[in-house]
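Asker: Next comes the sequence, and after it the predicted model I'd like to discuss.
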Amino acid sequence: MISFKPIGLEDKADIESYTLRYAPANCDLAFANMYCWQFQYQSAWCIVDGFLVIRFRIGGGDRIGYMQPIGPGDFTHVLHLLEEDVQQEGQRLRIIGLTPEGIETIRRAGLGAFAFESDRNLEDYVYNASDLSGLPGSKYKAKRNHIHRFESEYTYRYVPMTREHASQCMQLEAEWRRTRQGHTGELSAEQRAMQRAFDHFEQLGLIGGCIYVGEQLVAFTYGSPINDHTFCVHVEKADTEYDGAFTIVNQQFVAHLPAQYTLVNREEDLGIDGLRQAKMSYHPAFLQAKFTALHLHPDEIDCKQLWQEVFTEDEEAFIDSFLIHHYRRSQMLRIEEDGRLVSMLHLIPFESELGRTTYIYAVATAPDHRGRGFATRLMQQAMQLIEEREEDAAILIPSQKSLKAFYTPFGFADTSLPVILETPDGFDFGSGDPTQDRAMLWLRSPQQALPETLHCQLRACKHDE
């Protein structure tokens, strides 16, 4: 049995004895990040057979995740112990922050079936420190011009940050937040993490910098090491009334970093368009992928195997994304023979202009079991459930035109209605080409007027563990 301990300041030396030597350039593995956000993610740690393991609550919720074990050599023997640990919570194993090499290590070990996925929104932007400090070449010309304009307009000074700058920094951040998000009486999660950082600035080994114009603080930033050559920028704030403040604090801060840090991680963009554009404009050396591995239940393994057998053009990463984000046992109808899944379909709940709308998805029968009426049986069950649940509409997108005749007897009309299926993670429930997605439609009220384009938004649904 593994005994995890909440991450505390006193654990810094022990944890960094692993991370500074072995950690990939993942911002989640900077000790200061783990400690400052511990209140939200309930991060805890232990050493298992010579590997550092970090356990946390994903998104601050109920689900438990484990960071890729950190240490020398093959970590796969540790995963059995992690699986035992998470099963005590009635959950299944999720490894977070896997590197591509970590994925291959798991696959080679043959530990059972996992689904793997990397979320682009969570990939870290990692830059050459020399690029951020020197801004060399034509690709950084706009950045250099921005700095020159700032320098010509303002007389500024760069000041290394200490804890004494905390009140001014928090005031600048609060003013920025008020002007964009309105006044709030409670500290945001980021503000709480920042306050914790300032309260323990020296103990955490944080390095920061401030830009002053006269006596006015106009920008600040701070961060800490991830490993012995990668520095992570945790926070960067600026008064946007001073055009170029972000650019100058970025450049000056990296220019003042110790020379041992040849790489700078500026963390993820969280899918925010403006933030993505800003981070890409600095031309990262690479994006640090952070894969999730989800240990699959037997029914999910069955689904994946049948999917690969029938939909041969779909890549494994696409199927894994469906299993991680959208598969529910309660939403799949199935037929088995001799313990093998031979036919399935999925009922995906959406909301549309037509009301509660069920999307019938991934209707599949194993090639050696076709012609026996299995798909017909599943469609009959599906339509019975849709009626019982008093859904307002049902849609499906046939993968081939020849299949339209199969679906017509179940009450579906070939409307050629353009359909857009929207999900929080951007999963493509359509054909891969939204201009070609046309819905066959079943309506509870056949006389209901149709929109020019049907917009469907995924309904929230309880996860099956």
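Answerer: In hand now; what should we look at? Residues are numbered from 1 along each chain as shown.
Asker: Could I get the full set of helices for the stretch 201-350 of the chain?
Answerer: For the stretch 201-350 of the chain, the helices defined by DSSP state H, counting those that start in this stretch cover 245-255, 273-280, 298-310, 316-325.
Asker: Buried deepest among those, which one?
Answerer: Among these, the stretch with the highest mean neighbour count (mean count of other CB atoms under 10 Å) is helix 245-255, at a mean of 23. No exception for glycine: its C-beta is placed from N, CA and C like everyone else's.
Asker: could you check the angle helix 273-280 makes with that helix?
Answerer: Helix 245-255 and helix 273-280 are oriented at 40 degrees to each other (axes from the mean of the first three to the mean of the last three CA atoms, to 10 degrees).
Asker: contacts for helix 245-255?
Answerer: The contact list for helix 245-255 (CB atoms under 8 Å, 6 or more residues apart in numbering) reads 129, 132-133, 135, 143, 146-147, 150-151, 156, 158, 208-211, 218-221, 233, 236, 238-240, 264, 278, 282.
Asker: Please work out the average pLDDT along it.
Answerer: Averaging pLDDT along helix 245-255 yields 97.
Asker: do you know which of the helices of the stretch 201-350 of the chain lies nearest residue 385?
Answerer: When the helices of the stretch 201-350 of the chain are compared by CB to CB, helix 298-310 sits nearest residue 385, at 18.0 Å.
Asker: what about dumping the CA coordinates of that closest one to PDB?
Answerer: Provided in PDB are the C-alpha atoms of helix 298-310 (Å, rounded to 0.1, in the frame of the first residue of the first chain):
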ATOM      1  CA  PRO A 298     -13.200  -4.400 -20.600                       C
ATOM      2  CA  ASP A 299     -16.300  -2.900 -22.300                       C
ATOM      3  CA  GLU A 300     -14.100   0.000 -23.600                       C
ATOM      4  CA  ILE A 301     -11.500  -2.400 -24.900                       C
ATOM      5  CA  ASP A 302     -14.300  -4.200 -26.700                       C
ATOM      6  CA  CYS A 303     -15.600  -1.000 -28.200                       C
ATOM      7  CA  LYS A 304     -12.100   0.000 -29.400                       C
ATOM      8  CA  GLN A 305     -11.500  -3.400 -31.000                       C
ATOM      9  CA  LEU A 306     -14.800  -3.400 -32.900                       C
ATOM     10  CA  TRP A 307     -14.300   0.200 -33.900                       C
ATOM     11  CA  GLN A 308     -10.900  -0.600 -35.400                       C
ATOM     12  CA  GLU A 309     -12.300  -3.600 -37.200                       C
ATOM     13  CA  VAL A 310     -15.100  -1.600 -38.800                       C
END
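Asker: The worst-scoring helix or strand of the chain on mean pLDDT - contacts with which helices or strands?
Answerer: Averaged element by element with mean pLDDT, DSSP states H and E, the chain has its least confident helix or strand at helix 166-181 (a mean of 83). Judged by 3 or more CB pairs under 8 Å, 6 or more residues apart in numbering; DSSP states H and E, helix 166-181 is in contact with helix 189-199, strand 216-227, strand 230-238.
Asker: Run through who's touching that helix.
Answerer: 161, 184, 188, 191, 194-195, 198-199, 201, 210, 217-218, 220, 237, 239-240.
Asker: hang on, the earlier thing: present the helices and strands packed on helix 166-181 as TSV; the columns should include distance to residue 31, mean pLDDT and mean neighbour count.
Answerer: Formatted as TSV, the helices and strands packed on helix 166-181 follow (distance: least, CB to CB, whole Å; pLDDT from 0 to 100; neighbours: other CB atoms under 10 Å):
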stretch	distance to residue 31	mean pLDDT	mean neighbour count
helix 189-199	11	94	17
strand 216-227	7	97	24
strand 230-238	10	96	23
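Asker: Would you mind measuring from residue 34 to residue 364?
Answerer: Note on residue 34: its distance to residue 364, by CB to CB, to the nearest Å, is 43 Å.
Asker: my read: residue 379 touches residue 403, true?
Answerer: No. Using CB atoms under 8 Å, residue 379 makes no contact with residue 403, being 11.2 Å away.
Asker: Looking at these two, which one has more neighbours?
Answerer: Taking other CB atoms under 10 Å, residue 379 and residue 403 do not tie; residue 379 has more neighbours (20 against 15).
Asker: List the residues that contact that one.
Answerer: Taking CB under 8 Å, 6+ apart, one finds 345, 360, 363, 407, 410 in contact with residue 379.
Asker: which residues touch residue 314?
Answerer: Residue 314 makes contact with 307-308, according to CB under 8 Å, 6+ apart.
Asker: still on that earlier bit, of the contacts of residue 379, which is the most crowded?
Answerer: Busiest of those [other CB under 10 Å] is residue 360, holding 24 neighbours.
Asker: Tell me if I'm right that that residue and residue 345 touch.
Answerer: Yes. Applying CB under 8 Å, one finds residue 360 in contact with residue 345, separated by 5.9 Å.
Asker: who touches both of the two?
Answerer: Residues touching both residue 360 and residue 345 (CB under 8 Å, 6+ apart) are 379, 382.
Asker: With distance to residue 28 added, can I get the helices and strands packed on helix 166-181 in JSON lines?
Answerer: Formatted as JSON lines, the helices and strands packed on helix 166-181 follow (distance: least, CB to CB, whole Å):
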{"stretch": "helix 189-199", "distance to residue 28": "13"}
{"stretch": "strand 216-227", "distance to residue 28": "9"}
{"stretch": "strand 230-238", "distance to residue 28": "9"}
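Asker: who wins for proximity to residue 396 among the ones you listed?
Answerer: Closest approach to residue 396 among the helices and strands packed on helix 166-181 is made by helix 189-199 (40.9 Å; CB to CB).
Asker: which regions of this protein sit below the pLDDT cut-off?
Answerer: Residue ranges of the chain with pLDDT under 70: 111-112, 179-187, 462-465.
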